[in-house]
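Asks: turn this into a model:
(one chain, ligands or ions: 1)
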Amino acid sequence: MSASPSTVPAGSEPIRTETLIIGAGPCGLFQVFELGLLGIGAHIVDSLATPGGQCAELYPDKPIYDIPALPVCGAQELVDRLLQQIKPFNPQFHLGQEVSELTPQEGGRFQVSTAAGTRFDAGAVVIAAGLGSFQPRRIGLAGCEPFEGKQIQYRVRNARELAGKRIVIFGGGDSALDWTLELAGKARSLVLVHRRAEFKAAPASVARMREAAASGQIRYIEGLAHALLVEDGDVRGVQVKGTDGTLHSLEADQLLTFFGLHPKLGPVAQWGLELDRKALKVDTEKFQTSVPGIFAVGDINTYPGKKKLILSGFHEAALAAFGVQHHLYPQKKQFLQYTTTSPVMHQRLGVPD
Ligand SMILES: Cc1cc2nc3c(=O)[nH]c(=O)nc-3n(C[C@H](O)[C@H](O)[C@H](O)COP(=O)(O)OP(=O)(O)OC[C@H]3O[C@@H](n4cnc5c(N)ncnc54)[C@H](O)[C@@H]3O)c2cc1C
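Replies: Reported below is the predicted structural model:
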């Protein structure tokens with residue numbers, strides 16, 4: 001099953017929400033569920049274009065063996081199951097947006113904004129940011145910085161703009177191969193550069209790429225980016241060093257680099273929360289950070305005995321939900337209800353009594 005969560009476009013008015021969850025990895029997703037059981041709504045933001053965090057981004061096809069009651073579960077399958085489980089609570093997803101600012105307001109609420117301009121007015125915040133926000137691995141050529149996001153891109157924002165251009169694509173995974181096949185025939189010229197003979201991409205795509213190279217539609221070079229060719233302040237091309245040592249000077253208007261993503265703590269470290277070695281310090285009663293009303297669950301937090309396991313993050317999400325409830329509604333009496341027997345939870349889950 002592949003659930004597609006609803007997404008909300010970036011807007012100028014702050015979105016008022018009971019809870020904002022930062023990070024749609026497995027722990028952020030399960031946080032939606034635990035809050036939903038208590039009748040608390042959530043918006044959820046992730047810098048990635050799809051939910052699932054490390055499971056979806058780093059090891060979607062690998063089996064996980066330590067999720068309770070699931071003897072074996074694929075990592076993407078776990079994400080799909082979590083998405084299905086949280087459906088009754090209709091969380092609002094804001095994907096492809098990094099949360100850049102988090103500012104406490106008087107009265108215990110929070111202003112949160114993303115780099116894409118979406119703003120939130122949140123009653124409580126749960127940070128489920130894992131190892132940080134995933135960033136593209138950079139090409140790392142001398143003098144490349146001013147061109148990044150322009151003539152050097154790490155993702156395609158507008159494919160139509162690439163038509164008729166001279167393009168060099170770097171990488172050997174699905175993104176590199178998919179874009180090679182998509183742009184072959186539309187670009188003025190296209191060269192694919194990959195550092196070794198083996199590809200991570202789907203074998204069918206590799207076969208199609210090889211056919212396109214054999215027919216002369218594209219060129220394929222096994223090698224590494226060596227130097228940028230810059231003239232009059234513009235990238236004019238790139239020099240590539242083949243694995244046989246040959247230097248190839250390629251004319252190019254646009255370099256597309258797909259070396260995968262890696263997590264970087266990023267803005268979380270700037271929000272004035274107490275840190276211990278790149279992790280947010282929390283208590284083990286509510287998993288609250290050093291700022292009341294801001295909670296942290298999953299790989300991003302630390303406390304004595306912390307183990308970075310999905311199982312631990314699920315437990316933390318259950319207790320953090322009660323912490324959020326107390327922060328939002330301090331007068332409310334808290335009591336434990338079982339999903340098996342609670343009519344109110346059945347109503348929230350949409351199951352008939
Ligand atoms: C190869 C591998 C195998 C593993 N196998 C297992 C296993 O068998 N069992 C197990 O229990 N664990 C396993 N783990 C660990 C497990 O994947 C992590 O514990 C789990 O993913 C943590 O979930 P999370 O929700 O806390 O964070 P993550 O999965 O890291 O998700 C965090 C999300 O937050 C987003 N984010 C961060 N900062 C921001 C920001 N500022 N704005 C917007 N979004 C942001 C990120 O983009 C990311 O999507 C494995 C990990 C790896 C790498």
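Asks: please name the residues that touch whatever residue of the stretch 51-200 of the chain ends up closest to the ligand.
Replies: As assessed by Cβ to the nearest ligand atom, the ligand sits closest to residue 130 within the stretch 51-200 of the chain, at 1.9 Å. Placement of C-beta: from N, CA and C, glycine included. For residue 130, the contacting residues are 23, 25, 27, 53-54, 263, 298-300, taking Cβ atoms under 8 Å, 6 or more residues apart in numbering as the criterion.
Asks: pick out the most distant pair among these.
Replies: Checked with Cβ to Cβ, the contacts of residue 130 reach their widest spread between 27 and 263, with 13.9 Å between them.
Asks: how about the residues of the stretch 201-350 of the chain by the ligand?
Replies: Taking Cβ under 6 Å from any ligand atom as the contact definition, the stretch 201-350 of the chain meets the ligand at 266-268, 298-300, 308-311, 313.
Asks: how about these in CSV, adding distance to residue 33 and neighbour count?
Replies: Supplementary listing: those in CSV, determined by distance: Cβ to Cβ, whole Å; neighbours: other Cβ atoms under 10 Å:
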residue, distance to residue 33, neighbour count
266, 26, 16
267, 26, 19
268, 23, 23
298, 14, 30
299, 18, 26
300, 18, 26
308, 20, 15
309, 18, 14
310, 14, 23
311, 15, 13
313, 12, 27
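Asks: could I get the residues you listed as a markdown table with pLDDT and secondary structure?
Replies: Conversion of those to a markdown table gives the following (pLDDT from 0 to 100; DSSP: H, G, I helix; E, B strand; the rest coil):
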| residue | pLDDT | secondary structure |
| --- | --- | --- |
| 266 | 85 | helix |
| 267 | 91 | helix |
| 268 | 93 | helix |
| 298 | 98 | helix |
| 299 | 97 | helix |
| 300 | 97 | helix |
| 308 | 97 | coil |
| 309 | 98 | coil |
| 310 | 98 | helix |
| 311 | 98 | helix |
| 313 | 98 | helix |
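Asks: any chance of TSV for these, columns distance to residue 291?
Replies: As requested, these are exported to TSV (distance: Cβ to Cβ, whole Å):
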residue	distance to residue 291
266	18
267	15
268	12
298	18
299	19
300	14
308	22
309	25
310	26
311	26
313	20
